[in-house]
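A.B. asks: Next come a sequence and a model predicted from it.
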Amino acid sequence: MTGPNARANSLVNSQDRALRERAAAVIPNGMYGHESVRLLPPEFPQFFARGQGAHLWDADGNCYLDLMCGYGPNLLGYGHPKIDAAAAAQQRLGDAMTGPSPVMVELAEAFVALVAHADWAMFCKNGTDATTMAMMTARAHTTKRKIIVAKGAYHGAAPWCTPVPTGTLPDDRAHSITCLYNDVESLEAAAAAAGDDLAGIFASPFKHDAFVDQQLPNIAYAKRAREICDETGALLIVDDVRAGFRLARDCSWSSVGVKPDLSCWGKSIANGYPISALLGADKARAAAGLIYVTGSFWFAAVPMAAALATLREISASEYLERSEQLGLMLRAGLREAATRHGFALRQTGPVQMPLILFEEDADFRIGYAWSAQMVKRGIYVHPWHNMFLCAAMTERDIAEALQAADASFEALKAQRTQLVPHTGLMAMLAARH
Ligand code: PMP
């Protein structure tokens, strides 16, 4: 398979299998983190040799329409010419130097101009850096300890927020209080439990937890979170690491008319170059200046140049409208195809960040079998994590995905009675918080 239109991948996977064997010898568990395929159907490739636009090629040369977009960084297309050119130009000048490049100031100015609640910006590498800095800033600002987070929401892989507690201590999250997303009463109860010790409230822009239906934010919840922070002096933090710039050319909670004090960004902001950001309002500026946060690569100029070029594309192009339009096409087409084949889907969340689960599939066995069929046909979908559309996708790509979906539902009908749940997934779900 060589071209994006060559479908029905062979799945010989010989290179992929060989790489996995070598990895098992030199990488603990063969792979780790969210890009390990251990919790995916066995048909999924582990290694990708290259990406271009909306497509990926695995180590065996099979091509996929990539509906995961790197779990978020691919906003405008892999290998975007303008962004890569900006990065290459900066690379010729310098990247990780003894001090930051002037591009850092330009980038902070661009963020402050684009994101309404932000008066300042700090840059780091990963989303977890940004959320951890937000937590520290809230504690420094208030000199209080308690942080409210929604149960099941992902804010990163540091000890204070990782969903898998192995290697961490209960003490690491001793000052986290959970509430239920979109549930005003439980938010109020969490605030009451914090008493006069509340440092901050974390909010996902919408509920985008893995394994369960996504939920858009309700305005009452967002407004109450703002009010509680105003009443107590705590900081409101929107974690826009995953959804940032996919719902708005601003903080995602601009859609519900609520401005946070801090927002966390990562993934898409440089279209795949490694950089994340904490943005803040003037209120939190002094505290942000007091915490000690840094890293060897945090001031590297190449990702900053890439981010600046990405922000320019975000402002100047119709990328957002385009991905919404393609998302609508995908959602409607999938609904129609599933119904025709006798399956009921739950497609939730914004159309450009879709999560697709099957009704009557508590142990995900149907979703696993369907996604394996899709991957076999060159469409990379995920059975339990939200997906992403990118602006490099075309109507033809979506039409191909729908064609593959049709054939995958058809194949699934024949398999239906023989499906079994994925044992690794079942074990992981049992071990979670
Ligand atoms: N917050 C959210 C909402 C995320 O989706 C993620 C990553 N999936 C993070 C924080 C952590 O980002 P990173 O993996 O870049 O550390």
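C.D. replies: Thanks, I have the structure now. Please read these numbers as outputs of a predicted model, since none were measured by experiment.
A.B. asks: For the closest residue to the ligand within the chain, list the residues it contacts.
C.D. replies: Closest to the ligand within the chain is residue 127: 2.1 Å, counting by C-beta to the nearest ligand atom. Bear in mind the C-beta positions are built from the backbone N, C-alpha and C, glycine included. By C-beta atoms under 8 Å, 6 or more residues apart in numbering, the contact set of residue 127 is 155-156, 239, 241-242, 264-267, 276.
A.B. asks: So which of those residues reach the ligand?
C.D. replies: Restricting those to those adjacent to the ligand (criterion: C-beta under 6 Å from any ligand atom) gives 155-156, 239, 241-242, 266.
A.B. asks: Out of those, grab the one that's most surrounded.
C.D. replies: residue 239 (30 neighbours; other C-beta atoms under 10 Å).
A.B. asks: doesn't residue 202 make contact with that residue?
C.D. replies: Yes. Counting by C-beta atoms under 8 Å, residue 202 is a contact partner of residue 239 at 5.9 Å.
A.B. asks: In strands only, show me the ones next to the ligand among the contacts of residue 127.
C.D. replies: residue 239 (DSSP state E).
A.B. asks: just so I have it, where are all the strands in the stretch 251-400 of the chain?
C.D. replies: 262-265, 276-280, 345-348, 355-358, 379-380 (DSSP state E, counting those that start in this stretch).
A.B. asks: most packed of these?
C.D. replies: strand 262-265 (a mean of 30; mean count of other C-beta atoms under 10 Å).
A.B. asks: Throw the contacts of residue 127 into TSV and include distance to residue 253 and pLDDT, thanks.
C.D. replies: Listed next are those as TSV, based on distance: C-beta to C-beta, whole Å; pLDDT from 0 to 100:
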residue	distance to residue 253	pLDDT
155	15	98
156	19	98
239	10	99
241	14	98
242	14	98
264	12	99
265	13	99
266	17	98
267	17	98
276	18	98
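A.B. asks: Dump those residues to CSV, plus distance to residue 342.
C.D. replies: Formatted as CSV, the contacts of residue 127 follow (distance: C-beta to C-beta, whole Å):
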residue, distance to residue 342
155, 39
156, 40
239, 38
241, 38
242, 33
264, 42
265, 42
266, 40
267, 36
276, 44
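A.B. asks: domain parsing for this structure?
C.D. replies: 15-76+320-432, 81-316 (automatic domain parsing).
A.B. asks: Correct me if wrong: residue 95 contacts residue 304.
C.D. replies: No. Look at residue 95 against residue 304 with C-beta under 8 Å: they stay out of range, at 9.4 Å.
A.B. asks: So those two - more neighbours on which side?
C.D. replies: A direct count of neighbours by other C-beta under 10 Å for residue 95 and residue 304 places residue 304 higher, at 28 against 17.
A.B. asks: Spit out the contact partners of the more buried one.
C.D. replies: With C-beta under 8 Å, 6+ apart, residue 304 has these contacts: 90, 100-101, 103-104, 107, 123, 270, 275.
A.B. asks: got it, and residue 371?
C.D. replies: 40-41, 44, 381-383.
A.B. asks: any idea which of these is closest to residue 177?
C.D. replies: residue 382 (30.4 Å; C-beta to C-beta).
A.B. asks: thinking the closest one is in contact with residue 64, fair?
C.D. replies: No. Residue 382 is beyond contact range of residue 64, at 11.9 Å (criterion: C-beta under 8 Å).
A.B. asks: Looking at those two, which is more packed in?
C.D. replies: residue 64 (26 against 21).
A.B. asks: for the more buried one, which residues make a bridge with it?
C.D. replies: Beta-bridge pairing for residue 64 (DSSP bridges): residue 56.
A.B. asks: Look up how far residue 57 lies from it.
C.D. replies: Taking C-beta to C-beta, to the nearest Å as the measure, residue 64 falls 8 Å from residue 57.
A.B. asks: again with residue 397
C.D. replies: Here the criterion is C-beta to C-beta. By it, residue 397 lies 15 Å from residue 57.
A.B. asks: Which per-residue confidence value corresponds to residue 428?
C.D. replies: Note on residue 428: pLDDT of 85.
A.B. asks: Figure out the helix or strand that it lives in.
C.D. replies: helix 423-431 (DSSP states H and E).
A.B. asks: show me the residues around the closest residue to residue 118 other than its chain neighbours that make contact.
C.D. replies: In space, and not counting its chain neighbours, residue 118 is closest to residue 279: 3.8 Å by C-beta to C-beta, 6 or more residues apart in numbering. Shown in contact with residue 279 (C-beta under 8 Å, 6+ apart): 111-112, 115, 117-118, 120-121, 251, 262-265.
A.B. asks: I'd say residue 132 and residue 156 touch.
C.D. replies: Yes. Between residue 132 and residue 156 there is a contact at 6.9 Å, judged by C-beta under 8 Å.
A.B. asks: mind listing the strands for the stretch 101-250 of the chain?
C.D. replies: Going by DSSP E, counting those that start in this stretch, the stretch 101-250 of the chain shows strands at 120-124, 146-150, 176-179, 198-203, 235-239.
A.B. asks: Go ahead and confirm residue 155 touches residue 129.
C.D. replies: No. Checked against C-beta under 8 Å, the pair residue 155 and residue 129 is beyond contact range at 11.5 Å.
A.B. asks: pretty sure residue 50 is in a strand, no?
C.D. replies: Yes. Membership of residue 50 in a strand is supported by DSSP: H, G, I helix; E, B strand; the rest coil.
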